[in-house]
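*Asks:* predicted model follows, preceded by the sequence.
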Amino acid sequence: MQDDLTRQLAFLTEIDALKSVVRQSLIADRSRRENSAEHSWHLAMFALVLAPQALDKGKIVSMLLIHDIVEIDVGDAPIHGVHDKAALELAEAAAAKRLFGLLPEGQATHLLALWQEFEAAATPEAKFAKSLDRLQPLMLNTLTGGGTWTESNVSEQQVYERYGPAIQDGSPSLWARAREMVRQHFARSGA
C-alpha cells in the first residue's frame, strides 16, 4: 500500500499533463493558443481579483484550479464545438474519479466533491467560478480580434447565448461589462 505522500506526488506528477492540453483560445498577444493549465491559473487570478467579498475566494480558486483536470483524459471540449453532452459528462466524471482517486482517500473525496460542485453550478461560489470560466475566453476573443469566434464563424447572438447565461448567473455586473465588450467587438468587426 502506498503512503499518502507517494500518492500525492503521483497525483501532482499526473496533472503535469494538463500543460499539454491545448485549448482553442489564443493568448492575448495572439502568439499561440493557451493550454489548460494556463487557463486554470488565469481563472484563479480572475477569482482573486474579481470575487465579491461575500463569497469564499479560497473555494472559488480551488474549483478553478481543478475544474479542467479531467481534460488530461478527455481533452478540451471547445464551447463552439459539437459534442455529445451526455457522453462527455460521463467521460469527465470517469476522469475525475480516476485522477482524484490517485490521492489519499480524504483528499480524493474532497477534490472530487469540489469538482462536482463546480460542475453542478448550484452554489454561489460554483456559479461565480462558472461565470469566470466563460468570461476569460470571452475576454481573450475580444482581445484577439475575434479569435475562435472568427475561426468558428460565431455570431454576436451565439456569443450572447453561449456565454451569457453562465456569466449572468454568477455575476450580473460581470455580464453587463462582458456584453458591452462583445457589442464593441462586433461593432468594430462589422460582423
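*Replies:* Sure thing, it's come through.
*Asks:* only C-alpha atoms from now on, for both contacts and neighbour counts.
*Replies:* OK.
*Asks:* got any ranges where the protein has weak pLDDT?
*Replies:* 1, 191 (pLDDT under 70).
*Asks:* got a list of what the residue nearest to Trp41 when sequence neighbours are not counted touches?
*Replies:* Nearest non-adjacent residue to Trp41, counting by CA to CA, 6 or more residues apart in numbering: Leu65, 6.5 Å away. Leu65 makes contact with 40-41, 43-44 under the criterion CA atoms under 8 Å, 6 or more residues apart in numbering.
*Asks:* and the strands in this protein?
*Replies:* Ranges of strands in the chain, per DSSP state E, are 22-26, 33-35.
*Asks:* to Leu5, which of those lies closest?
*Replies:* With CA to CA as the measure, strand 33-35 is the member of the strands of the chain nearest Leu5 (27.5 Å).
*Asks:* list the buried residues of that closest one.
*Replies:* 34-35 (16 or more other CA atoms under 10 Å).
*Asks:* contacts made by it with the rest, please.
*Replies:* 18-27.
*Asks:* with stretch 96-103 instead?
*Replies:* With CA under 8 Å, 6+ apart, stretch 96-103 has contacts from 4, 7-8, 10-11, 14, 69-70, 107-109, 111-112, 115.
*Asks:* can you redo the residues you listed as a markdown table with distance to Gly81?
*Replies:* Output for the contacts of stretch 96-103, formatted as a markdown table (distance: CA to CA, whole Å):
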| residue | distance to Gly81 |
| --- | --- |
| Asp4 | 39 |
| Arg7 | 35 |
| Gln8 | 34 |
| Ala10 | 32 |
| Phe11 | 29 |
| Glu14 | 27 |
| Ile69 | 19 |
| Val70 | 18 |
| Gln107 | 33 |
| Ala108 | 31 |
| Thr109 | 31 |
| Leu111 | 28 |
| Leu112 | 26 |
| Trp115 | 22 |
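*Asks:* list only buried entries from these.
*Replies:* The neighbour count (16+ other CA under 10 Å) marks 7-8, 11, 69-70, 108, 111-112, 115 as buried among these.
*Asks:* nearest residue to the most centrally placed residue in the chain in space, please, no chain neighbours.
*Replies:* In the chain, the C-alpha nearest the mean C-alpha coordinate belongs to Asp133, at 4.0 Å (CA atoms, centre = their mean). Setting aside the residues directly before and after it, Asp133 is nearest to Leu43 in space (CA to CA, 6+ apart), at 6.7 Å.
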